[in-house]
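S.K.: need a structure here:
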Amino acid sequence: MSKYVIAIDQGTTSSRAIVFDHSGSIVSTGQLEHEQIFPQAGWVEHDPKEIWNNTREVIGQALSKANITRHDIATIGITNQRETAVVWDKTTGEPVYNAIVWQDTRTQAIVDRLAADGGVERFKDTVGLPLATYFSGTKIVWILENVDGARERAEAGDLIFGTTDSWVLWNLTGGVDGGVHVTDVTNASRTLFMDLKTLSWDQSILDAFGVPASMLPEIKSSSEVYGHASSQSLLREVPISGILGDQQAATFGQTAFSSGEAKNTYGTGSFLIYNTGEKIVKSENGLLTTLCYKLGDAAPVYALEGSIAVTGSLVQWLRDNLGLIDSAPEIEELASKVEDNGGTYIVPAFSGLFAPYWRPDARGAIVGLTRFVNKNHIARAALESTAYQTRDVLEASNADSGVPLAELKVDGGMVANDTLMQFQADILNTDVVRPVVTETTALGAAYAAGLAVGFWKDLDEVAANWQEDKRWTPQMPEEERERLYRTWKKAVSKTLDWVDEDVK
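M.R.: Residues are numbered from 1 along each chain as shown. Next comes the predicted model:
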């Protein structure tokens, strides 16, 4: 019997392959970063071919480090940056344009055009999402309208679309030679095109966008056999049987299977997902209604989501754009040298503000500066902004659900930062809990794939793998907590109404 499951984690900044054993422990990892392309302000792109080449290489790295072959792998799971859009020619395998990343804001004019008839919530009752540049639907429209010949080729049936799960799967299963063109319900729910009730593409919405239905992948569950790795792959003949968008995958990896459970992932952005079970809950407080997961023929499980655009990428910005630090871990070292933020707040609205505000007109700001403030205060303010934004979305989640969370499960790269995690517990007045295995995104994809082929028997067996590593308990006085959060809200107000016709 094969002893392992391999997960391909195609993220915003890198692609990874992680081998897991039956206990959910990491056996080996391969990882490669890909280029972040910024053609102009507000534009963010990736090279799809670089992503695919890196994916092939990291699979080799992971197998080599574990000293195993395809014969040791039971199945493959895929997780991915969700709203990033790739359009490619199905006859040549060539992308017609770079992948347009979820952070990209170039499609605001398309959003405004669509919102002219019915507002930004025009399709929300059907798809659970407001019209926003965040989602992949408007990115497809931009490619069709701005790449020479794209619309004609799409209408002729030559071009197909996918988020990066579909791009990786299509190539992994043979590409132009029989590649499988599918996605799962979680990724489909981030396009603006999928009906949450029927789990199918809505033709009337596609017509409103002007996107040919022939471009779209077939929608499948999150846990079933979609196809097998091609003969050109190191994993040839191994089934691919799990796909989850990265935040849903992290929720699954955290074993938040029951209604009322939640997790927050701290990555490039941060994403809080609150499981609402088989019930579709429509947010009245700026959250998204989305698919949590669907296992084979079982009923779909839904969720509320608070999406924060910039958290970990703020640390990258301090490193790469300002040169304040040389490496990301240095942020905690600087922040720990001061007792507080010195009155300084950073609101990183680089792509506008996502949940719960949904203000594309906002732009980033550093406020409260005095001569007293030094780089240590700036570092601390950067970390604290992540915690404040998390409180924003958690308060919205509590209001929508009517049931305040007893504790918050956390994962992602930033949870190694004790200063941040303690401040997060303090500003939420809620316990924050980190699991032993923090690579929950890849783990969730592995679980979904393994369940489909019987590597794990059921959700109870998967849940038994989860173990607590560390817990942070609130220590901040209530008066101080509310003073800090009140000032944060004031800082947010200073970022609004920045973008207009003359200021981009």
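S.K.: quick one: the strands in the stretch 401-504 of the chain?
M.R.: Along the stretch 401-504 of the chain, counting by DSSP state E, counting those that start in this stretch, strands occupy 407-411, 431-435, 468-472.
S.K.: same question for the first one, mean pLDDT?
M.R.: What that stands for is strand 407-411. On average, the pLDDT along strand 407-411 is 91.
S.K.: Give me the sheet partners of it and which way each runs.
M.R.: When pairing is defined by DSSP bridges, strand 407-411 lines up against strand 262-266 (parallel), strand 431-435 (parallel).
S.K.: returning to what we had before: save the strands of the stretch 401-504 of the chain as JSON lines, and put in distance to residue 480 and mean neighbour count too.
M.R.: Where C-beta positions appear, they are placed from N, C-alpha and C, glycine not excepted. Output for the strands of the stretch 401-504 of the chain, formatted as JSON lines (distance: least, Cβ to Cβ, whole Å; neighbours: other Cβ atoms under 10 Å):
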{"stretch": "strand 407-411", "distance to residue 480": "20", "mean neighbour count": "23"}
{"stretch": "strand 431-435", "distance to residue 480": "18", "mean neighbour count": "21"}
{"stretch": "strand 468-472", "distance to residue 480": "17", "mean neighbour count": "14"}
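S.K.: Dump those strands to JSON lines, plus distance to residue 24.
M.R.: Below are those laid out as JSON lines (distance: least, Cβ to Cβ, whole Å):
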{"stretch": "strand 407-411", "distance to residue 24": "13"}
{"stretch": "strand 431-435", "distance to residue 24": "9"}
{"stretch": "strand 468-472", "distance to residue 24": "13"}
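S.K.: Out of those, which gets nearest to residue 59?
M.R.: Ranking the strands of the stretch 401-504 of the chain by proximity to residue 59 (Cβ to Cβ) places strand 407-411 first, at 22.9 Å.
S.K.: now for the strands of the stretch 401-504 of the chain, which one comes closest to residue 318?
M.R.: strand 407-411 (21.5 Å).
S.K.: And the contacts of the closest one?
M.R.: 250, 253-254, 256, 261-266, 394, 421, 424, 428, 430-435, 438-441, 471 (Cβ atoms under 8 Å, 6 or more residues apart in numbering).
S.K.: Can you get me the start-to-end distance on stretch 271-290?
M.R.: Start-to-end span of stretch 271-290 (Cα to Cα, to the nearest Å) is 12 Å.
S.K.: so which strand or helix has the most far-flung residue of the chain relative to its centre?
M.R.: Each residue of the chain has a distance to the centre, and by Cα atoms, centre = their mean the biggest one is for residue 371: 37.9 Å. For residue 371, there is no enclosing helix or strand under DSSP states H and E.
S.K.: got a pLDDT number for it?
M.R.: pLDDT, read off for residue 371, is 95.
S.K.: List the contacts of it.
M.R.: No residues are in contact with residue 371 under the rule Cβ under 8 Å, 6+ apart.
S.K.: would residue 271 count as being in a strand?
M.R.: Yes: Residue 271: assigned to a strand according to DSSP: H, G, I helix; E, B strand; the rest coil.
S.K.: doesn't residue 245 make contact with it?
M.R.: No: counting by Cβ atoms under 8 Å, residue 271 does not reach residue 245; the two are 9.7 Å apart.
S.K.: Compare those two (neighbour count), which wins?
M.R.: residue 245 (33 against 29; other Cβ atoms under 10 Å).
S.K.: backbone phi and psi for the more buried one, please?
M.R.: Backbone torsions of residue 245, given as degrees, to the nearest 10, read phi -60, psi 150.
S.K.: Can you tell me how far it is from residue 234?
M.R.: According to Cβ to Cβ, to the nearest Å, residue 245 stands 25 Å off from residue 234.
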